[in-house]
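Asker: Sequence first, then the predicted structure, then my questions.
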Amino acid sequence: MKIEKILKDLQYSATKMSKLHKQMDNDFEFVQGNQWEDKDVETLRKAGVKALTINKLKPIIKLLTGLERQSRSDYKVYPEGGEDVITADIASRLIKNVVKNSSVDTKLSEVFKHGSIGGMSFLEPYIDYSFDLINGDMKFKKVSGSNIYLDPDFQEYDLSDCKFIFKIKADLSKEDLEFLFPDQLNKIKKIGDGKVNIEGVQAFSESIQTLDYPRLGEGSKYSDKKEDTYDLVEYYYKELKDRYYAVSAERGVMKEFDTKEEAEEFAAQIKGDIMKRKVPVIMLAQIVGDQKFYDDVCWTYPRWKTYPLIPYFAEFITENLKDYSLKIQGVVRGIKDLQEEYNKRRTQELRHLNASANSGFDIEKGQLDDENLALLKKHGASPGVVVERKKGTGPLTRISPMPLSQGHAQLAAENAQDLKEASGVNPDLLANDSQSQSGRAILFKQRQGLVMIQEMLDNFSVTKKQVGRFILSQFKELFTVESAMKVLGDAYITDNFTTPVSIILERALKKVQENEQPTQLEQSVLLQYPDKASDEPIVDENNNLKSMVDLDTATITINNILNDASINKYDVAIGEGPYQDTVRMANFMDLKDLAGQGVPIPPAVLIETSMLPPNEKNKILKQIEQQALAAQQQAQQEAQIKQQGGNA
């Protein structure tokens, strides 16, 4: 990709999105308490009045983030068919391990908070190979929406129709660049002006011709008066490329390759055919100033076929509005005016009250000498002040102050109510307006209160599902079969891959007949039972089916999961909602009532929904699984004995 084209796309995006970014920056300052214009603060200061900032927005954001944190739940992978249950269960356990080790829940909470404030925020995954050069550690970082420039014409929430995405890393030092690009030190030395002037659109046109960035002017968002710093521009884009596919209709296999030779080699293994197609490939170009450091296929492709920047939009409108800042908004954008009005109302009340407390005195000329007149002027509003008037003059008369404006107080109260209604956050979400309501009543009120912010929660659910699918797509980079088995644990392998010896023997005999090499486990079974027929059950001294852990099947299953490029098509489910203790209890009672009325609710579901500690839940669930497995084995044993009796 030519640098001219990259700069032209950045100019186009910046022209559309610069106003949105300014609004977002102002949203963050506003919610943190910077809610007054400097000139208004100075005017009030000169009048002896403090500009009050009674921040009603921060509690709203804290409530929303609290709801999100309380509604965290585990990722669950659901199979495409009944035969994929074990595959989905293993994938769920592996994804939970990645979530735990990467602390992605914390990063997602940060993304939700920042997106709720400014309107959009992004999560960027990466794999850290610092301590393991083969299988790295999945990690995530939050990327500010102000550092992202999107294709302004995109319509899809997941950015699947986005032609390009820019991410700008500002103010990198020369040492930072050398760390990122250790093999390209010569290019680093050749960088001219390495700063990005987003606001200078005309200057961009000139820079496209000279292949250099202009100097930043005053007030540019990336200018902090540092010397010798650089802005790294990362340009994600799509490019049509020839891709080769090895396809086997009989086996239902289709795998993508970069070259025809790789596809032919795999096609020979599966006895399939070769297909060639032009497909959009995710590319990444990295430039600093007039130097390009990288331009190749993005590291996540082809296992992840869209951009490795996962968005969260609090409110996203797809209509073609001229003002782009109206399309993407957070909670703060629509209630800033109400907050400003509230601050001014309360400040006016305080100013009026201060003026009333020092309303002044009505005295005759010459009634006080100079010393007492000065004392009255200085301490007239203080309690217990004593002044002497001249003999024969009348008493001093205090001027009656104007009563405190009830209109200001009423407007301030109405304004506070407007803030609640405009934000969509109301006391029902706190469920603290009654001390005697039951858990179910509280649950009902909370669900009503969630209606206004349901869009934000639904959007965040989409974001979390994308995160789950991304983790699924990168299993091959994160695990080997051995490390995946360690994550699953010996108990899980034993419980799910224990197979009757007769079945292993049958599999081994079939391979021998087809001139295939049995595995080490199968060979050991053949040596142990050389005279057994494939259909003859193998039992122990108690006449129970003899079984053993089938590591071969476990290895094949896990290996297929790690290397299956289509596994990210599985449905990843995430629970949402303010599941506080009262809500969980209400849900459990509902399920318990349904079970009591004859609805066939599995015992495992009741245990999972209960308020028992996690360790107790796991013990009970494990006992249920063992009982089910024992019943299944008993049924198989009885069926085989019955069959043997019939044959006799």
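Answerer: Sure thing, it's come through.

Asker: Going by C-alpha atoms from here, please, whenever you check contacts or count neighbours.
Answerer: Noted.

Asker: I figured Pro125 hits Leu108, correct?
Answerer: No. At 11.3 Å, Pro125 and Leu108 do not qualify as touching, with contact defined as C-alpha atoms under 8 Å.

Asker: which one of the two has more residues nearby?
Answerer: Remark: of Pro125 and Leu108, Leu108 carries more neighbours, 25 against 20, as counted by other C-alpha atoms under 10 Å.

Asker: doesn't Met138 make contact with Val98?
Answerer: Yes. At 6.8 Å, Val98 counts as touching Met138 under the criterion of C-alpha under 8 Å.

Asker: who's in contact with the nearest residue to Ser325 once chain neighbours are set aside?
Answerer: Distances taken as C-alpha to C-alpha, 6 or more residues apart in numbering put Leu20 closest to Ser325, at 4.1 Å, once the chain neighbours are dropped. Residues counted as contacts of Leu20 (C-alpha atoms under 8 Å, 6 or more residues apart in numbering) are Tyr324, Ser325, Leu326, Ile328.

Asker: Identify the bridge partners of Ile127.
Answerer: Taking DSSP bridges, one obtains Met138 as the residues bridged to Ile127.

Asker: how about it, what does it touch?
Answerer: Counted by C-alpha under 8 Å, 6+ apart, Ile127 has contacts Gly136, Asp137, Met138, Lys139.

Asker: What is the neighbour count of the last one?
Answerer: When you say that, I think you mean Lys139. Neighbours of Lys139 using other C-alpha under 10 Å come to 17.

Asker: OK, contacts around it?
Answerer: Ser102, Ser103, Val104, Pro125, Tyr126, Ile127, Asp128.

Asker: Ignoring the adjacent residues along the chain, who's closest to the first one?
Answerer: Nearest in space to Ser102, with sequence neighbours left out and distances taken as C-alpha to C-alpha, 6+ apart, is Lys139 at 5.1 Å.

Asker: Assign Ile90 to one of the three secondary structure states.
Answerer: Three-state assignment for Ile90 (DSSP: H, G, I helix; E, B strand; the rest coil): helix.

Asker: And for it, the neighbour number?
Answerer: 20.

Asker: sorry, back to before: among the contacts of Leu20, give me the pair with the biggest separation.
Answerer: Farthest-apart pair in those is Tyr324 and Ile328; separation 7.3 Å (C-alpha to C-alpha).

Asker: returning to what we had before: roughly how far does the residue nearest to Ser102 sit from Glu319?
Answerer: 35 Å (C-alpha to C-alpha, to the nearest Å).

Asker: For the stretch 51-200 of the chain, give me the ranges with low pLDDT.
Answerer: 79-83, 198-200 (pLDDT under 70).

Asker: all helices for it, in order.
Answerer: 57-70, 85-102, 104-118, 174-180, 185-190 (DSSP state H, counting those that start in this stretch).

Asker: and the strand or helix carrying Leu232, which strands flank it?
Answerer: Leu232 belongs to strand 230-248 when elements are defined using DSSP states H and E. According to DSSP bridges, strand 230-248 forms sheet pairs with strand 164-172 (antiparallel), strand 253-257 (antiparallel), strand 273-288 (antiparallel).

Asker: and among those, the most buried is which?
Answerer: Comparing those by mean neighbour count (mean count of other C-alpha atoms under 10 Å), strand 164-172 comes out on top with a mean of 20.

Asker: could you point out which element follows the helix or strand hosting Val487?
Answerer: Following DSSP H and E, one finds Val487 within helix 481-488. For helix 481-488, the following helix or strand on the C-terminal side (DSSP H and E) is helix 490-496.

Asker: Give me the mean pLDDT for that next one.
Answerer: For helix 490-496, the mean per-residue pLDDT is 88.

Asker: go on, stretch 21-39?
Answerer: Per-residue scores along stretch 21-39 average to 92.

Asker: ok, now stretch 547-560?
Answerer: Rounded mean pLDDT across stretch 547-560 is 87.

Asker: Stretch 464-482 too?
Answerer: Across stretch 464-482, pLDDT averages out at 90.

Asker: Span of it from start to end?
Answerer: Start-to-end, stretch 464-482 (C-alpha to C-alpha) is 28 Å.

Asker: what about the helix or strand hosting Ala268, distance to the chain center?
Answerer: Using DSSP H and E, Ala268 falls within helix 260-270. Centroid separation for helix 260-270 versus its chain: 39 Å, with C-alpha atoms, centre = their mean, to the nearest Å.

Asker: Pull out the buried residues from that helix.
Answerer: Lys260, Ala263, Glu264, Phe266, Ala267, Ile270 (16 or more other C-alpha atoms under 10 Å).

Asker: Surely the fourth one touches Ala246?
Answerer: Yes. The pair formed by Phe266 and Ala246 meets the contact definition of C-alpha under 8 Å, at 6.6 Å.

Asker: Please enumerate the shared neighbours of the two.
Answerer: Residues touching both Phe266 and Ala246 (C-alpha under 8 Å, 6+ apart): there are none.

Asker: Not counting its neighbours along the chain, what's nearest Ala508?
Answerer: Spatial nearest neighbour of Ala508, excluding adjacent residues (C-alpha to C-alpha, 6+ apart): Glu522 at 5.3 Å.

Asker: for that neighbour, what are its contacts?
Answerer: Ile504, Leu505, Arg507, Ala508.

Asker: Show me what the helix or strand harbouring the first one is packed up against.
Answerer: In other words, Ile504. Per DSSP H and E, Ile504 falls inside helix 501-513. Counting contacts by 3 or more C-alpha pairs under 8 Å, 6 or more residues apart in numbering; DSSP states H and E, helix 501-513 is packed against helix 520-528.

Asker: tell me the angle the helix it packs on makes with helix 501-513.
Answerer: 100 degrees (axes from the mean of the first three to the mean of the last three C-alpha atoms, to 10 degrees).

Asker: Distance from the chain centre to helix 520-528, please.
Answerer: Chain-centre distance of helix 520-528: 49 Å, with C-alpha atoms, centre = their mean.

Asker: What residues of that helix count as buried?
Answerer: Leu521, Glu522, Gln523, Val525, Leu526.

Asker: Looking at the residues you listed, which is nearest Asn618?
Answerer: Once C-alpha to C-alpha is applied, the member of those that ends up nearest Asn618 is Leu521, at 31.3 Å.

Asker: Against Asn496, how distant is that closest one?
Answerer: 17 Å.

Asker: same thing with Lys195?
Answerer: Where Asn496 is concerned, Lys195 sits at a distance of 57 Å (C-alpha to C-alpha).

Asker: Check what pLDDT the residue located most distally from the centre of the chain gets.
Answerer: Distance to the chain centre peaks in the chain at Gly392, reaching 81.4 Å (criterion: C-alpha atoms, centre = their mean). Listed pLDDT for Gly392 reads 76.

Asker: and it, what are its phi and psi?
Answerer: Here is the backbone geometry of Gly392 (degrees, to the nearest 10): phi 90, psi -10.

Asker: returning to that earlier point: relative to Tyr307, which of the helices of the stretch 51-200 of the chain is closest?
Answerer: Smallest distance to Tyr307 across the helices of the stretch 51-200 of the chain (C-alpha to C-alpha): 17.1 Å, for helix 104-118.

Asker: Can you point out the buried residues in the closest one?
Answerer: 104-105, 107-118.

Asker: name the helices or strands packed onto that helix?
Answerer: Packed next to helix 104-118, using 3+ C-alpha pairs under 8 Å, 6+ apart, are helix 3-31, helix 57-70, strand 120-128, strand 137-144, strand 310-313, helix 454-473.
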